[in-house]
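> got a sequence here, can you build the structure:
(chains A and B)
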Amino acid sequence: MATSTPTRDTHAPPPRSSGPTSAQRQKWRSRLWRFDDKASPYAYIAPFFLVFGAFGLYPLVYTGWIAMHRVEMTGLDQMQWVGWDNFSKILQDSEFWTAVSNTFLIGVMSTVPQLLVALGLAHLLNYKLRASTFFRTLILTPYATSVASAALVFALVFRADGGVLNWLLHFIGLGHTNWANGHWTSKIAISVIVIWRWTGYNTLIYLAAMQAVPTDLYEAASIDGASRWQQFRKVTIPSLRPTILFTIVISTIGSMQLFGEPLLLQGGAIGATGGTENQYETLSIYLYNYGWNLGHLGPAAAVAWAMLVLLLLIAAINWLIGRFVRKSAA
Amino acid sequence: MTMTSPTDAPDLRVRQAATGTPPKPGRFKERAGQQMKGGPFAYIALIVVGIGSILPLYWTLVAASHTQDEVLNTTPPFLPGGRLLHNLDAAWNQAHLGKAIVNSIIVSSCITTATLFFCTLAGYAFAKMRFRGRGWLMTAVIATLTVPPQLSVVPLFMMMSDLGWGGNLQSVIFPTLVSAFGVFFMRQYLLEALPYELVEAAKLDGANNFRIVLSVVLPVARPAMMVLGMLTFVQSWNDFFWPYLALNQQNPTLQVALGQLNASFTPDQSIVMAGALISTLPLLVVFVFFGKRIVGGIMSGAVKG
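Predicted coordinates for the structure are as follows:
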């Protein structure tokens, strides 16, 4: 290259004889270059915002509009204004409140043990172990299983007649339980599916955070005579606080979405209403049942907005807890 | 003049990140040297949890290889039986499973390819390019992680029907072409793995931005793309909620077919389990070969998250 200043295009074709002068070309090129630098970042992030805008944000807002209308599955293009009717319909439906409380209960029953076990497992995996990679991979295998497969095999395990679990309970001398029919037992069954699928994932997240804890903290603690348990409580847990909060948020959002597990626990029409007495009906099932089973999309959209409100409430509570934890730590 | 090829240094770091070591090697080494040894209790607990992790999968296999009566007997079988092929065949015929497999492969590969491409581009822009609004746009990306799909399925369903995509695979593919998690994951990775000097050198060599992406960013990002690709594939393969609403019995993905197999009036549980086996097996194979990398990917994404 002859020029001393860096030029953009080393592979440019030789200038045509009738073309612009080289000075003009240079100017044009540098303008192009500047445009490239200015526009490229936006072009690179555009796909995300376009896709999210079209299939995430726009529908989210539009849901509110649909919730004010009567729309039936049989005629999707006919929308009839009904105002707040759909909202008052679901708010007066006791099944809706059952779904809210079920979602909340199953959420707590699956999240709390899951995260506690994950914390313990991560602590164990943080020791120097033989075959630790093997164990990590092993406990992550449920993550490779789909909701559908997991729910179906656990449905078989929790079956009232001929279920392995009942066989086992019978074997050790405990009685016969109709898992899916009981109010608490069905929630336990669903929580077990969730816990089984997600504990390994959360364990790895905790493990990663534990490995980032500086060693000197442990050294200082052990010089001060702290036992392993004290070190775990006074060093590990406080260092993991942001990660724990993160997993709580993620698991809470996840439990708001529980759908496949309850739908497939018994399958068929029973699954679509979350059990004969809606004993394990979650909000997603309630939405599905209104919209896709009964064909009324208006109330289904209203449920979606109710879920949004609940989610914001949970976010606010999380934020308050986070602030409280930070304050008490300071 | 030729383009400077990426040096070995970032590639090495990249490899470590992909196999589970956090990208700050020094710190990890110190820690590993002083790590306490696990006692027998740790092994026993991990073995118990490990068995618990694979027992349901084993039970899927056992149930899929017996008749339903044998599985639901007062004393259930504990070893695989000889009816596996028969049940697989029955599942295949009852639930359009052949078509479902093809559909699942199409959906997952389209989503994975698009996610990898778009997320790497966006991740690079957020990590190494300067532009107005970068900070709050990234915050917006992360915020979208907290929006569950449930909130928008009703209008989405109506939109798909308007577009004429009702029941088509496009209706499942398009909404997930690019993921917030992927953008975040690639950004975090490229922040550390891609030295700015490399981009600068390519610029001096006269490469335009897209050229830089192709010749500098992509090679450096490859290990992280592998991990993101596997995570995305697993996720889209296993996705249930939206496909179940959007697709129909004639044109399902594997998970949808599985759900429908069980929704029939009196499903034969052995055949259902055979279907579950077919849907899980490909991913288990992926896990056996790449499990370590997936583990490393989840952990490297988590440290910084």
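> from B:A127, how far out is whichever residue of the stretch 51-200 of chain B sits closest to chain A?
The stretch 51-200 of chain B approaches chain A most closely through B:L72 (2.9 Å), counting by CB to the nearest CB. To be clear about C-beta, it is placed using only N, CA and C from the backbone, and glycine gets the same treatment. Per CB to CB, to the nearest Å, B:L72 is found 55 Å from B:A127.
> that older thread, what is the burial count for the residue of the stretch 51-200 of chain B closest to chain A?
Counted by other CB atoms under 10 Å in any protein chain shown, the residues lying close to B:L72 total 19.
> that one reaches A:D161, doesn't it?
Yes - taking contacts as CB atoms under 8 Å, B:L72 lies within contact range of A:D161: 6.6 Å.
> got any ranges where the chain has weak pLDDT?
This is for chain A. Residue ranges of chain A with pLDDT under 70: A:1-20, A:330.
> wait, chain B
B:1-35, B:265, B:301-305.
> what helix or strand is residue 59 on?
Reading this off chain A. A:P59 belongs to helix A:58-66 when assigned by DSSP states H and E.
> oops, wrong one, chain B.
Using DSSP H and E, B:W59 falls in helix B:40-64.
> past that helix, which element shows up next along the chain?
helix B:68-71.
> tell me what that next one is packed against?
Applying 3 or more CB pairs under 8 Å, 6 or more residues apart in numbering or on different chains; DSSP states H and E, one finds that helix B:68-71 makes contact with helix B:269-303.
> wait, does the helix it packs on contact chain A?
Yes - interface with chain A: helix B:269-303 contributes B:269, B:272-273, B:276, B:279-280, B:283-284, B:286-287, B:291-292, B:294-295, B:298-300, B:302-303 (CB under 8 Å from any CB of the partner chain).
> need the contact list for the residue minimising distance to the centre of chain A.
For chain A, the residue sitting closest to the mean C-alpha position, by CA atoms, centre = their mean, is A:G254 at 3.6 Å. Counting by CB atoms under 8 Å, 6 or more residues apart in numbering or on different chains, A:G254 touches A:194, A:198.
> next, it: secondary structure please.
helix (DSSP: H, G, I helix; E, B strand; the rest coil).
> relative to helix A:58-66, how tilted is the top strand by length along chain A?
What stands out as the longest strand in chain A, according to DSSP state E, is strand A:75-81. Taking axes from the mean of the first three to the mean of the last three CA atoms, to 10 degrees, strand A:75-81 and helix A:58-66 form an angle of 50 degrees between their directions.
> give me the helices and strands touching strand A:75-81, please.
Using 3+ CB pairs under 8 Å, 6+ apart, strand A:75-81 sits against strand A:69-72, helix B:153-163.
> looking at the ones you listed, which one is packed in the most?
Stretch with highest mean neighbour count among these: helix B:153-163 (a mean of 21; mean count of other CB atoms under 10 Å in any protein chain shown).
> and the residue of the stretch 151-300 of chain A closest to chain B?
Closest point on the stretch 151-300 of chain A to chain B, by CB to the nearest CB, is A:G162, at 2.9 Å.
> that's a strand at that residue, yeah?
No - applying three-state DSSP, one finds A:G162 to be coil, outside a strand.
> what sits against the nearest residue to it once chain neighbours are set aside?
Excluding the flanking residues, the one nearest A:G162 by CB to CB, 6 or more residues apart in numbering or on different chains is B:L72, at 2.9 Å. Shown in contact with B:L72 (CB under 8 Å, 6+ apart): A:159, A:161-162, B:269.
> how about A:L91?
A:L91 neighbours (CB under 8 Å, 6+ apart): A:A306.
> so the spatially closest residue to B:S264 that is not a sequence neighbour versus B:A221, what's the distance?
Leaving out its chain neighbours, the residue that sits closest to B:S264 by CB to CB, 6+ apart is A:G268, at 7.5 Å. Shown here: A:G268 relative to B:A221, a distance of 46 Å by CB to CB.
> again with B:A143
24 Å.
> so what's B:V178 up against?
So B:V178 contacts A:47-48, A:51-52, B:114-115, B:118-119, B:122 (CB under 8 Å, 6+ apart).
> on that earlier part again, settle it for me: which of A:G268 and B:A221 has more neighbours?
Neighbour count, other CB under 10 Å: between A:G268 and B:A221, B:A221 has more, with 25 against 14.
> so where does the more buried one fall, helix or strand?
helix B:218-238.
> element containing B:Q188?
helix B:180-193.
> pull that helix out as CSV, backbone CA atoms only.
The C-alpha trace of helix B:180-193 is given here as CSV (Å, rounded to 0.1, in the frame of the first residue of the first chain):
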residue,chain,number,x,y,z
ALA,B,180,-32.4,-12.3,25.2
PHE,B,181,-30.5,-14.9,27.0
GLY,B,182,-28.4,-15.6,23.9
VAL,B,183,-27.6,-11.9,23.4
PHE,B,184,-26.6,-11.6,27.0
PHE,B,185,-24.5,-14.8,26.9
MET,B,186,-22.6,-13.8,23.8
ARG,B,187,-22.0,-10.3,25.1
GLN,B,188,-20.6,-11.5,28.4
TYR,B,189,-18.3,-13.9,26.5
LEU,B,190,-17.1,-11.5,23.9
LEU,B,191,-16.4,-8.8,26.5
GLU,B,192,-13.6,-10.9,27.8
ALA,B,193,-12.6,-13.2,25.0
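> could you pull out the buried residues of whichever helix or strand comes after that helix?
Sequence-wise, the next helix or strand downstream of helix B:180-193 (DSSP H and E) is helix B:196-204. Of the residues in helix B:196-204, B:198-199, B:201-203 count as buried by neighbour count, 16 or more other CB atoms under 10 Å in any protein chain shown.
> which of the residues you listed come close to chain A?
Okay, of the buried residues of helix B:196-204 touching chain A (CB under 8 Å from any CB), that's B:K203.
> with adjacent residues omitted, what lies nearest to the residue nearest in space to the middle of chain B?
Most central in chain B under CA atoms, centre = their mean is B:L231, positioned 2.3 Å from the mean C-alpha point. What sits nearest to B:L231 in space, not counting adjacent residues and going by CB to CB, 6+ apart, is B:G297, at 6.1 Å.
> okay, now that neighbour: neighbour count?
26.
> what does A:L152 give?
30.
> when you scan the helix or strand where A:S101 lies, is anything in it near chain B?
Assigned by DSSP H and E, A:S101 belongs to helix A:94-125. Yes - contact between helix A:94-125 and chain B, assessed by CB under 8 Å from any CB, occurs at A:117, A:120-121, A:124-125.
> report the angle between the axes of that helix and helix B:40-64?
Relative orientation of helix A:94-125 and helix B:40-64, computed by the same axes, to 10 degrees: 130 degrees.
> show me what helix A:94-125 is packed up against.
Counting by 3+ CB pairs under 8 Å, 6+ apart, helix A:94-125 packs on helix A:132-140, helix A:183-211, helix A:237-256, helix A:283-288, helix A:297-329, helix B:40-64.
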